[in-house]
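Q: coordinates only, no sequence provided:
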């Protein structure tokens, strides 16, 4: 455990930050799962709505520093690509 006053403060800050990051990452996982669930139902409209809700959550996680900006971009890109494939396959 930390001995100096400043080290004690840093330990407290790190613990608080860890809890915040954990909730943000869980939220990101849940919105991604919602998109995957909508795609599993073969419903392009639901998938498109879920994606529209997921993108801002993922972007915010990246802007806060919880996710790396490239990781967030990759997640958004892959989800969008999957939803677009689902939509094009349902139209034909």
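A: All right, it came through fine. Owing to the predicted nature of the structure, the values given are computational and were not obtained by experimental measurement.

Q: run a quick neighbour tally on residue 61.
A: Counted with other Cβ atoms under 10 Å, the neighbours of residue 61 add up to 22. All C-beta spots, glycine's among them, are computed from the backbone N, C-alpha and C.

Q: ok, now how distant is it from residue 40?
A: Distance from residue 61 to residue 40, counting by Cβ to Cβ, to the nearest Å: 24 Å.

Q: swap in residue 68?
A: To residue 40, residue 68 is 28 Å away according to Cβ to Cβ.

Q: could you point out the longest helix in the chain?
A: helix 5-40 (DSSP state H).

Q: any idea of the mean pLDDT in that one?
A: Computed over helix 5-40, the mean pLDDT rounds to 96.

Q: next helix or strand past that helix?
A: Helices and strands here follow DSSP states H and E; after helix 5-40, the next one along the chain is helix 44-63.

Q: ok now do residue 42, which residues does it touch?
A: Residue 42 makes contacts with 86, 90, as judged by Cβ atoms under 8 Å, 6 or more residues apart in numbering.
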